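> The following block contains a protein sequence and its predicted model.
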Amino acid sequence: MTAIKHALQRDIFTPNDERLLGIVNVCKAGKKKKNCFLCATVTTERPVQVKVVKVKKSDKGDFYKRQQAWELRDLTVVDAKDASKENPEFDLHFEKVYKWLASSTAEKNSFISCIWKLNQRYLRKKLEFVNVSSQLLEELPKAEESVPSGESQSVAGGDEDALEEYQELSAREEQDIESMMEMCEFAVSNAEAFAEKLFKELQVLDGANIQSIMASEKQVNILMQLLDEALAEVDTIEGKLSSYEEMLQSVKDQMDQISQSNRLIQISNTNNGKLLDEIQFLVNYMDLSKGHIRALQEGDLTSPRGIEACISASEALLQCMNVALRPGHEQLAAVNQQQKLFAELRDTFARRLTNHLNNVFVHQFNHFSYFKMTIPQYYRSSCLSLPGHDQSSTLSQNTAELTLPKHSPLHRDLLRYAKLMEWLKNTHREKYEGLSRTYVDYMNRLYEREIKDFFEVAKIKMAGTSKEAKGKFGLHGSSGKLTGSTSSLNKLTVQGSNSRRSQSSSLLDMGNMSASDMDVADRTKFDKIFEQVLSELEPLCLAEQDFISKFFKLQQHQTVLPPLAQPETEEADGSVPSRMPPQADHRHSLSSEKDMVRLMMNKIFQSIEPELNSLIALGDKIDSFHSLYMLVKMSHHVWTAENVDPASFLSTTLGNVLVTVKRNFDKCISGQIKQMEEVKISKKSKVGILPFVTRFEEFAELAETIFRNAERRGDLDKAYVKLIRAVFMNVEKVASESQKTPRDVVMMENFHHIFSTLSRLKISCLDAERREAKHKYTDHLQSYVINSLGQPLEKLNHFFEGVEARVAQGVREEEVSYQLAFNKQELRKVIKEYPGKEVKKGLDNLYKKVDKHLCEEESLLQVVWHSMQDEFIRQYKHFEGLIGRCYPGSGITMEFTIQDMLEYFSSIAQSH
């Protein structure tokens, strides 16, 4: 093995500047034995790299080659398989596990020991040795560990020369060696003589050293004597220090006693100061003046001065009750006595304040109830029940003004108690919530009466805006419900050009929606009434919400229980029991004070939304076009309310009502579309402009006026698209069903009217439909002209169709005249059958036919006649061209010229 080791070092590792420190002969476990060597090496250059190299003997010769190498720092586990028994197998865990079988257990143990020592010296990493005897893993001697890594150390046992590191001579050492060798010329040629000379010089130096040591003995004795004298002096000084220490210890004991006395005095003074501070604290923060106690027990809650005194006393009481007591204060009898007094004063004043505010609520409710807005029963009976009575004059003279009473005096009186309500909220939550419920209950009944009467007046005024509504609707009692009969939607019939609109008296009949002066005036009046209703409700709700926020101190966000979210109970003071909404359980989850305000507003004004919906239903029954006005007005008010507070009661309520208005608007659009689908045309008269086309024009004109600069323009654009598509579809349907009027005429006239309307109104969302209407109008005009004009020169047209057929079959144009059926004589015979007089007579009959088909309103007769003139001239030129090409030089011409044709068309048009 030694010879192999030297051979490997010489042939493989020395050329790579590496030294071989450990070797083991192995083969792979479990396979056919192919021997190789695992070598542990280190590099000779810094930094030192430690590797495990696999070396294999070449198959072709007696030399070795390097097959694979691993860095020792990549080794994680060394597994010797069995620490107690001799087992040549072992595993090395690099990036994967390599299983080896050594030639002997001794070699395996020697290699593992070498690995352990290399790791200890160079890497110091946490390398795991499994199933390895502890004897192999001995620590390196401390002497060796203290040696720098640059010096030679023993790694493998007994092989120090192999592990000794090479150390390069310094420049000084090289210079000394060279000078010494120069002094002895035979140093190279005679090494023994050089060594002997060096040995003699070394003996001379040793002798000189011994003589020097012997000569210094006298000085050493002198030094020892001085040391003895110094030790004696030290003993003297130590004695003096001991006496001084005893004296200082006595002084220290006396000073300790004095310090202890001073400390006790300081503690006593500190305790007295703290006791004084505690007494001062309790006196300052837990003492209520007699004036405050008297104000809480007997203070006047009606006068401004008494209210101010009660506010000051309540704030002082709250400050005393909320004082943060220090540890131990609760155990003092005086503190407990004061707390009991404060609790009694709090309960007494809370009870007085609650009773007083309840009385204020009742008084104010009775006061406003007496002066509430009313519509006398006499007016109802005289205006709505007497037969033959002029209702419009009575309503205008006798109904009350459309205004809501202002509650600012009530709010102003109650706001004086706002700070007391805040005190009650912080000290007595139960009574605070009871007052909240009482206020909500009273104001609910008060507002319910006022709002019901207000909307009753609005309905009377609104019903008076429509002549038909006056005869068909009645108001019964104070319910504000509308009763009466409304005729069903009559189907529209076409009764000629002068009677296209339905004569139905139904309020929903779109025939009554013409833009007459009466309709415009009624709708404008309705718009003003509806705006007045919203303008009265908006400040009323905002003022009440502002008052609730200020009076009940609900501006800040705190986690509180809403006062309305309580079961239905009777107040302790015997007031009216609170009526809780059915969703009380859900309101327990609401925590913010904004939710409390909204809940109280919902309870107080619970009648606003149904009354608004009832008013909207009345307006829709009177005139379905009112939904346009209501949609614009309601959208504007909702937008305004959301800008102020998106989550407010007013914003939420108006938003809900806006949904109803939008639903009515959609129903109005759907009603118009349904009427279009149900339209019936007369079989005996010409169609003309269809009624729903005219109504779409009126709707668009009205809508553009109403929705100018409106926020809900998008809803109108969607309605436009639905209506125009329905108009297009039903125009085509009616045109297909028309028997008296040709389909092209119906399409041409109606789409021309639609195109003119859209061009005049300039509705941007209908630009595509405007272009489509123009395209349909142009196509059907051309189709009607061609179909109506037909072949005025029928025989001549048939003759030239035969000529074109011969040319298409391959006959040359100049050879057509030689065909028997198409020779010049046949052509002259056909031309003679169409003199100018016959042509004019045919055109005159055609004009009468066109005039019979077209309606007067659209004024398309001259346009159609001019198009027919152009088409006739086109056919004439076509015939002239065929004669010139197929019968050249024949001199054959038509019996009339283009100028004659123009005169025929002009004279016919002027004669009619």
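Alright, I've got the coordinates.
> Going by C-alpha atoms from here, please, whenever you check contacts or count neighbours.
OK.
> Can you read off the pLDDT for the residue nearest to the spatial centre of the chain?
Taking Cα atoms, centre = their mean, the centroid of the chain lies closest to residue 646, which sits 17.1 Å from it. At residue 646, the pLDDT value in this model is 77.
> do the one 10 residues further on as well
In this prediction, residue 656 carries a pLDDT score of 90.
> what's around the residue lying closest to the residue nearest to the centre of the chain once chain neighbours are set aside, how many residues?
Among residues not flanking residue 646 along the chain, residue 652 sits closest, at 7.6 Å (Cα to Cα, 6 or more residues apart in numbering). Neighbours of residue 652 under the rule other Cα atoms under 10 Å: 18.
> re earlier: quick check, the residue nearest to the centre of the chain in a helix?
No. Under DSSP: H, G, I helix; E, B strand; the rest coil, residue 646 falls outside any helix and is assigned coil.
> Distance of it relative to residue 253?
82 Å (Cα to Cα, to the nearest Å).
> now the helix or strand where residue 278 lies, how far from the centre of its chain.
According to DSSP states H and E, residue 278 maps onto helix 217-285. Here the centre of helix 217-285 is set off from its chain's centre by 75 Å, with Cα atoms, centre = their mean, to the nearest Å.
> Show me what it is packed against.
On a contact count with 3 or more Cα pairs under 8 Å, 6 or more residues apart in numbering; DSSP states H and E, helix 217-285 meets no helix or strand.
> about what we covered before: which SS state does the residue nearest to residue 646 fall under?
Using three-state DSSP, the structure places residue 652 in helix.
> per-residue pLDDT, it?
87.
> what's the spacing between it and residue 608?
In terms of Cα to Cα, residue 652 sits 12 Å off from residue 608.
> ditto for residue 71
In this view, residue 71 and residue 608 are 89 Å apart by Cα to Cα.
> Would you mind telling me which of those two has the busier surroundings?
Each of residue 71 and residue 608 has its neighbours counted (other Cα under 10 Å); residue 608 has more, 22 against 14.
> Grab the nearest non-local neighbour of the more buried one.
residue 451 (7.0 Å).
> Can you get me the centre-to-centre distance for the host helix or strand of that neighbour and its chain?
Following DSSP H and E, one finds residue 451 within helix 429-463. Offset of helix 429-463 from its chain centre (Cα atoms, centre = their mean): 39 Å.
> which helices and strands does that helix pack with?
For helix 429-463, the packing partners by 3+ Cα pairs under 8 Å, 6+ apart are helix 333-370, helix 391-398, helix 418-427, helix 517-551, helix 593-604, helix 608-622.
> Try it again at 6 Å.
helix 593-604 (3 or more Cα pairs under 6 Å, 6 or more residues apart in numbering; DSSP states H and E).
> Would you map the helices across the stretch 751-900 of the chain?
Applying DSSP state H, counting those that start in this stretch to the stretch 751-900 of the chain gives helices spanning 767-789, 794-808, 824-832, 836-853, 861-886, 898-911.
> what's the shortest one in contact with?
For helix 824-832, the surrounding residues in contact (Cα atoms under 6 Å, 6 or more residues apart in numbering) are residue 796.
> go with 7 Å
For helix 824-832, contacts defined as Cα atoms under 7 Å, 6 or more residues apart in numbering pick out 795-796, 817, 894-895.
> how about residue 116, what does it touch?
Residue 116 neighbours (Cα under 7 Å, 6+ apart): residue 137.
> For the helix or strand containing it, buried residues please.
Assigned by DSSP H and E, residue 116 falls within helix 105-118. By 16 or more other Cα atoms under 10 Å, the buried positions in helix 105-118 come out as 105, 107-118.
> just to revisit the earlier point, would you turn the helices of the stretch 751-900 of the chain into TSV with mean neighbour count, mean pLDDT and distance to residue 455?
Converted to TSV, these look like this (neighbours: other Cα atoms under 10 Å; pLDDT from 0 to 100; distance: least, Cα to Cα, whole Å):
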stretch	mean neighbour count	mean pLDDT	distance to residue 455
helix 767-789	18	83	43
helix 794-808	15	83	75
helix 824-832	15	84	84
helix 836-853	16	75	54
helix 861-886	17	81	55
helix 898-911	14	76	63
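> In TSV, list those along with distance to residue 204.
Shown next, in TSV, are those (distance: least, Cα to Cα, whole Å):
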stretch	distance to residue 204
helix 767-789	127
helix 794-808	145
helix 824-832	162
helix 836-853	155
helix 861-886	148
helix 898-911	156
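> closest one to residue 64 among those?
helix 767-789 (92.3 Å; Cα to Cα).
> tell me the angle of the closest one relative to helix 861-886?
For helix 767-789 against helix 861-886, the angle by axes from the mean of the first three to the mean of the last three Cα atoms, to 10 degrees is 60 degrees.
> so where's the longest strand in the chain?
What stands out as the longest strand in the chain, according to DSSP state E, is strand 18-28.
> Now tell me what touches it from outside.
Applying Cα under 7 Å, 6+ apart, the contact partners of strand 18-28 are 9, 13, 33-44, 99-103, 107-108, 111, 114.
> go again using 6 Å as the cut-off
Strand 18-28 is contacted by residues 33-44, 100-103, 107, 111 when judged by Cα under 6 Å, 6+ apart.
> What helix or strand is residue 86 located in?
Going by DSSP H and E, residue 86 is not in any helix or strand.
> ditto for residue 38
strand 36-43.
> strand partners of that strand, parallel vs antiparallel please.
strand 18-28 (antiparallel), strand 50-57 (antiparallel) (DSSP bridges).
> any idea of the angle the helix or strand just after the last one forms with strand 36-43?
Think strand 50-57. Downstream of strand 50-57, the first helix or strand assigned by DSSP H and E is strand 64-71. In terms of direction (the same axes, to 10 degrees), strand 64-71 departs from strand 36-43 by 60 degrees.
> other SSEs contacting strand 64-71?
Packed next to strand 64-71, using 3+ Cα pairs under 6 Å, 6+ apart, are strand 50-57.
> The residue nearest to residue 646 and residue 521, how far apart?
32 Å.
> repeat for residue 709
According to Cα to Cα, residue 709 stands 21 Å off from residue 521.
> average pLDDT across stretch 53-66?
Stretch 53-66 comes out at a mean pLDDT of 82.
> who touches it?
With Cα under 6 Å, 6+ apart as the criterion, stretch 53-66 contacts 36-39, 67-69.
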